[in-house]
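> Next comes the sequence, and after it the predicted model I'd like to discuss.
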Amino acid sequence: MNLQDQSPQDQSSTDARARRLTLINSIIGVTIAGISTRVFMISVPTLATALETDILGISWALIVYQMAGIGLGVICGRLGDIYGHHKMFASGMAIMAVGSLLCGFSQDVLQLILFRFVQGVGGAMIQSSGRTLAFRAMPAGSEGKAQGLMAMSHQLGFFIGPPIGGLIIDLVHWRGIFFLLFVPSLVGMALCFVTGRSVAASASPRQPIDYRGASIFLGLTVVITLLLDQKLAEFLGGISQALLAVTFVGALWGFVAHERRTPSPMIDLSFFSVPAFGYGSVGLLMCCITQGLVTFVAPFYLQEVLKLSPTFMGVIFLAPSVLSMVLSPVSGVLTDRIGARFLLMSGVLILMSAFLIGANLGADSHWIWPAGQLALAGIGSAFFNTPSQAVMISSLPKEHWGTAIGIINGIFGLGHMLGISLSGIFLTLAFRYYSGIPGTTPNPGDTQVFVASMNVTYMFALAISVIPLLTSIKMKKT
């Protein structure tokens, strides 16, 4: 019996079932994308040895995946708005499956870098279209709940990725961490066929595609990634970095000029004139930068200054992931019920309290203080990120949700890259100031100087947090 032969009650039941399966599939896809990111992190030393390369070589396998996520997330979101997110999601699952398989069969680091980029393309398609499908599968007015579920799924992938990767490397082989993602990707493809196009309504596929804008935007992503990579900066030298900076400014100017005059832009710049989307973008970027600062500096303090074991340090770092995973759905439900502004302001204030603790840590502080600081960072992120994204997405028409989610994913990736880069810069400048040695690099062995420099870095994060606090006040309560 086809859909036309069904009674209205049967058709409604079928639609509800398809929406539930679509939501489940979105959760699977976003979790896979999270696992793909973190499972690789735990295997970096093993892969460098197995493929006979150094840290710089293997780091590019990390960089190209991140580059694909930032540069292609917006493009994939826009293509999903035009051709349908169901097709994009299924294609992303297929590309993720193929990319994972090829990564597992890599014979050298160049092959791994290439196939990790393929994986990154699949991840970008899954993230943008999977989240969009989840939003459309939920009833109207449940945007906060949808975003909470997606944030939980991503954090779940972050949470289970490292321990699963470690077990597979120890018990099987490093190639197994890539084969691990093959089967769930196939499951996602199968669910796409089951659900069909029930929630895949999109804009007309006759809209022209802004290929020039997409190419310039991808080029901007590559250039800014090269600019922010500290190892590459040391290799290229100051003159080459200055040329890259000039190239970036020129390309950015060209991109903005092109997007303003094209009738169907890749990124409609008028989105940012919508107060909820414009303020939300600035606040989210600043918060992501502060979170990147914490992610970079905290491990050095815990392991090199407080002399905690890697295992115990790993347990401490589970706290923010677990808290964010548990509280993101709660934050999403509260957003639907009471609005976003109170949650946004509360999240920023909690983050600021975390940075204030970090700014006062000493060389002999008890481990409970940095553990509490990381826990507060996880709580603050959950109460800020979820309502911020929910409000940003719901502020635009549904036919642009894919593009909006792609922009948000790009903000996340760019913010964390900027945070890590700025953390290294400020830590280095402060270390040189306190040590009185020009040209030196931060050394945790010089405990007092390193801790003082770390405190300055946290103060910088605290100062930046004032910006998302102000943007949160500007957000309407609806």
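Looks like it arrived, so ask away.
> next one: the longest helix seen in the chain to chain centre, how far?
Ranked by residue count, the top helix of the chain under DSSP state H comes out as helix 8-50. With C-alpha atoms, centre = their mean, to the nearest Å as the basis, helix 8-50 stands 15 Å off its chain's centre.
> Nearest spatial neighbour of residue 443, chain-adjacent residues omitted?
Distances taken as C-beta to C-beta, 6 or more residues apart in numbering place residue 450 nearest to residue 443, at 6.6 Å, with adjacent residues excluded. For the C-beta atoms, the positions are set from N, CA and C on the backbone; glycine is no exception.
> ok so, going back, following the longest helix of the chain in sequence, what is the next regular element?
Per DSSP states H and E, the first helix or strand lying C-terminal to helix 8-50 is helix 55-83.
> Can you spell out which helices and strands pack onto that next one?
Identification of packing neighbours for helix 55-83 by 3 or more C-beta pairs under 8 Å, 6 or more residues apart in numbering; DSSP states H and E yields helix 8-50, helix 85-104, helix 109-137, helix 211-228, helix 230-236, helix 401-435.
> where's residue 190 relative to residue 60, distance?
Going from residue 190 to residue 60 by C-beta to C-beta, to the nearest Å gives 33 Å.
> Flag the shaky bits of the stretch 51-200 of the chain, pLDDT-wise.
Scanning the stretch 51-200 of the chain for pLDDT under 70 picks out 54-57, 141, 195-200.
> quick one on the thing from earlier: between residue 190 and residue 60, who's got more neighbours?
The neighbour count for residue 190 versus residue 60, taken as other C-beta atoms under 10 Å, is higher for residue 60 (20 against 13).
> show me what contacts the closest residue to that one other than its chain neighbours?
Residue nearest to residue 60 in three dimensions, not counting chain neighbours: residue 113, with 5.1 Å by C-beta to C-beta, 6+ apart. By C-beta atoms under 8 Å, 6 or more residues apart in numbering, the contact set of residue 113 is 60, 61, 64.
> same question, residue 460
Taking C-beta under 8 Å, 6+ apart as the criterion, residue 460 is in contact with 293, 422, 426.
> The same query, at a cut-off of 6 Å, please.
Going by C-beta atoms under 6 Å, 6 or more residues apart in numbering, residue 460 touches residue 426.
> Now do it against residue 99, distance only.
37 Å.
> again, but for residue 466
41 Å.
> now do residue 259
To residue 99, residue 259 is 30 Å away according to C-beta to C-beta.
> Looking at those two, which is more packed in?
Higher neighbour count among residue 259 and residue 99: residue 99, with 27 against 19, using other C-beta under 10 Å.
> wait, what's in contact with that one?
Taking C-beta under 6 Å, 6+ apart as the test, what residue 99 contacts is 115, 118, 119, 122.
> Is it possible to get a markdown table of the residues you listed that adds distance to residue 225 and neighbour count?
Putting those into a markdown table (distance: C-beta to C-beta, whole Å; neighbours: other C-beta atoms under 10 Å) gives the following:
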| residue | distance to residue 225 | neighbour count |
| --- | --- | --- |
| 115 | 18 | 22 |
| 118 | 17 | 20 |
| 119 | 16 | 29 |
| 122 | 19 | 28 |
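> Closest one of these to residue 472?
Nearest to residue 472 among the contacts of residue 99, counting by C-beta to C-beta, is residue 122 at 34.1 Å.
> check contacts around the closest one.
When contacts are counted by C-beta under 6 Å, 6+ apart, residue 122 touches 92, 95, 96, 99.
> Would you format the helices and strands packed on helix 55-83 as JSON lines with distance to residue 355 included?
Below are the helices and strands packed on helix 55-83 laid out as JSON lines (distance: least, C-beta to C-beta, whole Å):
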{"stretch": "helix 8-50", "distance to residue 355": "24"}
{"stretch": "helix 85-104", "distance to residue 355": "36"}
{"stretch": "helix 109-137", "distance to residue 355": "28"}
{"stretch": "helix 211-228", "distance to residue 355": "22"}
{"stretch": "helix 230-236", "distance to residue 355": "22"}
{"stretch": "helix 401-435", "distance to residue 355": "12"}
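> Any idea how many residues pack against residue 51?
18.
> ah, wrong one, I meant residue 342
Neighbours of residue 342 (other C-beta under 10 Å): 16.
> again with the one 4 residues further on
Neighbouring residues of residue 346 were enumerated by other C-beta under 10 Å; the total is 18.
> wait, it sits on residue 383?
Yes: between residue 346 and residue 383 there is a contact under C-beta atoms under 6 Å: 5.4 Å.
> So for residue 112, what's the nearest residue that isn't a sequence neighbour?
residue 106 (4.1 Å).
> I meant to write residue 164 there.
Nearest residue to residue 164, sequence neighbours excluded (C-beta to C-beta, 6+ apart): residue 39, at 6.4 Å.
> likewise residue 93?
Once flanking residues are discounted, residue 93 sits nearest to residue 188: 4.0 Å by C-beta to C-beta, 6+ apart.
> How is the protein partitioned into domains?
8-207, 210-263, 268-478 (automatic domain parsing).
> check which helix or strand covers the residue nearest to residue 30 when sequence neighbours are not counted.
Nearest non-adjacent residue to residue 30, counting by C-beta to C-beta, 6+ apart: residue 153, 4.1 Å away. Remark: residue 153 resides in helix 143-171, with elements defined by DSSP H and E.
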